[in-house]
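Novice: Pasting the sequence and the predicted model now:
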Amino acid sequence: MAGMENAIIGLAASIAIGLSALATAWAEKSIGAAAVGALAEKEQLFGKGLILTVIPETIVIFGLVVAILILGLAS
Amino acid sequence: MITPEPMSRVRIITPQCYSYEMIEALYQLKLLHVFDSKEDGLDIGAPLKHVENLSECLLLIRNLKSALGFTEQIKHSPETLLPSEAIKLKTTLQSIHDQVNDIQHTIQYDEEELKQLEHKAAVYKILKAWGIEPALLAKVKQVSYFIGTLKNPEGIAQKIGEITKRFECKQSIVQGEPFIFLLTKKDNAAKVQQKLEDAGFAPTIINSQLTLEMLEDQIKVTHKSLVHAKQKWYDLKNQYKNFILEQEFRVEEEIKKAELPLQFVTTKKSLIASGFIPKKQLKKVEDALLYATRGSVFVEEQHIEHDEAVPVKLRNNKVVKNFEVLTRLYELPNYLEFDPSILFALTFPIFFGIMLGDMGYGLVTLLLFLFLRKKFSGSGRQLCNVLIYASIVTILFGAVFGEFFGFEHVGEATGEKLCDMGICLHKEIILQHGEKEVLYVFPHLISRMESKVNLGSFQFLSVLFFPIIFGALHLNFGLLLGFFNVLRAHGLKLAILEKLSWITMEAGLVLLILSLINMITLPYLVGAGIFALSVIMIYLGEGVKGIIEIPALLSNMLSYMRLGAVGLASVGLAVVINENLAEPFLHQGGFGIVIAILIMIFGHLINIGLGVLGPFLHGIRLHYVEFFSKFFHGGGVEYKPFGTRGE
């Protein structure tokens, strides 16, 4: 049943990366919209807006790391 | 350099009669960053006397620019405008303005006239086609006639028909507008006129003396006059354009000078200016002012208050200057802080290189930014330079990882050919789907996809593990910088409590863990004690906020894993493009090879696009969020000396 086991491991890894990517997208959606709003008022805020927008990127990176660790379990 | 240029706060006092000379000298020096002075009991200065003439000149110039239809601006003029020249300039500008005004009126009048004449001529032509002579119309006694344009011509004949059956109506289109000629008995004229007016009738006046030939002659004359006037307008524009642009620059600069005293304070007899000057230029400014005012000036260096917004002038060498663009994107450092540009120069290209880490991609981005830097100036060019350095480091890391466009090896045939040419790669035999395959592997130090480190019983990818160590070092370096920043701004006690406490805490934590897993022979209470002590220090330094932030230190370190993770994603995509998408087509041969090449070109283009955007954003983010939060506050005011033009 090694094939089945590997399939489940693959599925687990894809859930880890998929859900965290979705979470990142969800978080960045509202931050990005607000940042663009702020930029329209004051262009100098570009740097700050950019940083705030990419902060949730950490979530998907941790998701990727976890996915890689899970894949490491596969035989 | 690691800190901004040292500044001196100065107060310059001069008699009012030397105001102009002082301001002119300051303008030429371009060194004094003026700020609005406020002193109790003293009034704000008044603009220099000739400012009114200058404002009128500027108004005339702006009028002329809009009348002659150009919007350019020049950034430089060799000569300055003397106050005595302002009145003369005003007269000159006024005379040009009058000429342009006359021409514009002529053009406007001729255009209007031409429009009316052409309309009339069109009407006459239609009347002629209908066989109606204007001269005859004047003699009509028993009937009334209506000639003109109509807004709503639909069903007008029926409407008139309701009033009387005895009428004649002809309709046509003149210059896109519905046109009507209507003949009726004089008794019904009033009613008919009412109906026509309801339908939006506008009468055309017919002069019985005028013939179509006369009209056409008039059109010719007016047209000639219009062409002539327009030519004159072009001539004026060409003749005066450069003059006007130059005067605009000169007048604008003069107005800046004349209005500068508004930022000063005055007493009855003297003018007092305050501002900042780079410390090493102080003597030069003093000498120049003494010379300009024939010794009637007093320059006093003042103490800089602790909370004062001192303007910041970064001082970096040619290479590091490019990285200032990344600092400015966040914020300028304040006067008492380190300038992080040099730290960007040290670590940003490395971060970028580790993440992209491919010789092929590095080469492409290098060529791309070498090309783009020619297209930009200012901060755009600086950014391109930054990315050029980053691309070079990317090529180096590409060599470390042994990757070329996602390939880590070549097949047997290619490998043997290369070996014949004198480039022998390392030969490896792997088992794939139960079959032996010979590969020639590029030389590398670490394989991003394969190399692993053993942590106890657990295997961990090297590219994910080493960045954590690197992150820990980077963050502690940040804390150390923070220590010196706080030391300079608030003193030793707060510096220890706010910044050193974190390093102590890490040391305590490491000791505690090492003694718990028996790697060192030390009672675990020692580590725990140091940890507890540093937590108290953090509380004293930063309050409850500091305590809440403690776990964030760990997540900050783990965040550096992105250096490996973003790279892995990029490698993953490259491998998918090469092996899963392109290779099956490649094996088909023939037309398949063309498809494979197209897939590889587009695939790698997309991957390079992502590969520039991702590593760039993550690279600066690691600095801005993780690194800067350890030492950087920002909020500095840009040093803008009087006399320089803002970009």
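Specialist: Cool, the structure landed. Residues are numbered from 1 along each chain as shown, chains lettered A, B, ... in the order given.
Novice: only C-alpha atoms for contact and neighbour calcs from this point on.
Specialist: Noted.
Novice: Show me what residue of chain A gets nearest to chain B.
Specialist: Chain B sits closest to A:Gly47 of chain A, with a gap of 4.7 Å, by C-alpha to the nearest C-alpha.
Novice: which SSE is that residue in?
Specialist: A:Gly47 belongs to helix A:46-54 when assigned by DSSP states H and E.
Novice: can you check B:Arg11 too?
Specialist: Here B:Arg11 is covered by strand B:7-15, with elements defined by DSSP H and E.
Novice: Settle this for me: B:Arg562 is touching A:Ile61, isn't it.
Specialist: Yes. At 6.1 Å, B:Arg562 counts as touching A:Ile61 under the criterion of C-alpha atoms under 8 Å.
Novice: between the two, which one's more packed in?
Specialist: Applying other C-alpha atoms under 10 Å in any protein chain shown to B:Arg562 and A:Ile61 shows that B:Arg562 carries more neighbours, namely 27 against 24.
Novice: got a list of what that one touches?
Specialist: Residues near B:Arg562 by C-alpha atoms under 8 Å, 6 or more residues apart in numbering or on different chains: A:58, A:61, B:464, B:618.
Novice: Could you list which of those residues belong to helices?
Specialist: A:58, A:61, B:464, B:618 (DSSP state H).
Novice: so which of those residues comes closest to B:Val297?
Specialist: B:His618 (53.7 Å; C-alpha to C-alpha).
Novice: how about the closest one, what does it touch?
Specialist: Residues near B:His618 by C-alpha under 8 Å, 6+ apart: A:54, B:562.
Novice: confidence score at it?
Specialist: With respect to pLDDT, B:His618 has a value of 89.
Novice: List the contacts of the helix or strand bottoming out on mean pLDDT in chain B.
Specialist: Taking mean pLDDT, DSSP states H and E as the measure, the helix or strand of chain B with the lowest value is strand B:426-432, at a mean of 73. Residues outside strand B:426-432 that contact it (C-alpha under 8 Å, 6+ apart): B:436-443.
Novice: Send me that strand as PDB with only the CA atoms.
Specialist: Below are the C-alpha coordinates for strand B:426-432, written out as PDB (Å, rounded to 0.1, in the frame of the first residue of the first chain):
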ATOM      1  CA  HIS B 426      30.900  15.000 -13.600                       C
ATOM      2  CA  LYS B 427      29.300  11.700 -14.800                       C
ATOM      3  CA  GLU B 428      26.500  10.300 -12.700                       C
ATOM      4  CA  ILE B 429      24.400   7.100 -13.200                       C
ATOM      5  CA  ILE B 430      20.900   7.300 -11.800                       C
ATOM      6  CA  LEU B 431      18.000   4.800 -11.800                       C
ATOM      7  CA  GLN B 432      14.900   6.100 -13.300                       C
END
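Novice: can you pull the buried residues of that strand?
Specialist: For strand B:426-432, a neighbour-count test (16 or more other C-alpha atoms under 10 Å in any protein chain shown) marks B:Lys427 as buried.
Novice: Beyond that strand, next helix or strand please.
Specialist: The element immediately downstream of strand B:426-432 (helix or strand, assigned by DSSP H and E) is strand B:435-441.
Novice: Alpha carbons of that next one, in CSV - could you do that?
Specialist: Extracted in CSV, the C-alpha atoms of strand B:435-441 (Å, rounded to 0.1, in the frame of the first residue of the first chain):
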residue,chain,number,x,y,z
GLU,B,435,16.3,1.9,-16.1
LYS,B,436,19.8,3.2,-15.8
GLU,B,437,20.4,6.7,-17.1
VAL,B,438,23.7,8.4,-17.6
LEU,B,439,23.8,12.2,-16.7
TYR,B,440,26.5,14.7,-16.8
VAL,B,441,26.0,17.1,-13.8
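Novice: returning to what we had before: of the contacts of strand B:426-432, just say which sits nearest to B:Ile601.
Specialist: So of the contacts of strand B:426-432, ranked by how close each gets to B:Ile601 (C-alpha to C-alpha), first place is B:Phe442, at 21.4 Å.
Novice: shaky segments in chain B?
Specialist: Counting by pLDDT under 70, chain B contains low-confidence ranges at B:1, B:431-434, B:456-457, B:646-647.
Novice: and the longest helix anywhere in it, how far out from the chain's middle?
Specialist: Ordering each helix of chain B by length in residues (DSSP H) puts helix B:212-259 first. Centroid separation for helix B:212-259 versus its chain: 34 Å, with C-alpha atoms, centre = their mean, to the nearest Å.
Novice: any idea which helix or strand comes after it?
Specialist: strand B:265-266.
Novice: Give me the contacts around that next one.
Specialist: By C-alpha under 8 Å, 6+ apart, strand B:265-266 touches B:37-39, B:42-45, B:271-273.
Novice: try 7 Å this time
Specialist: Contact partners of strand B:265-266, identified using C-alpha atoms under 7 Å, 6 or more residues apart in numbering or on different chains, comprise B:37-38, B:42-45, B:271-273.
Novice: Counting neighbours, what do you get for residue 70?
Specialist: No chain in the question, so chain A it is. Counted with other C-alpha under 10 Å, residues neighbouring A:Ile70 total 17.
Novice: let's do chain B instead
Specialist: 13.
Novice: Over to B:Thr14?
Specialist: B:Thr14 sits with 23 neighbouring residues when counted by other C-alpha under 10 Å.
Novice: B:Gly564 is in what secondary structure piece?
Specialist: Using DSSP H and E, B:Gly564 maps to helix B:562-575.
Novice: Flag every buried residue along that helix.
Specialist: Going by 16+ other C-alpha under 10 Å, helix B:562-575 has these buried residues: B:562-571, B:573-575.
Novice: Following the chain onward from it, which element is next?
Specialist: Assigned by DSSP H and E, the successor of helix B:562-575 is helix B:583-588.
Novice: Give me the angle between the lengthiest helix in chain A and helix A:46-54.
Specialist: When chain A is parsed with DSSP H, its longest helix is helix A:2-41. Computed by axes from the mean of the first three to the mean of the last three C-alpha atoms, to 10 degrees, the angle separating helix A:2-41 from helix A:46-54 equals 150 degrees.
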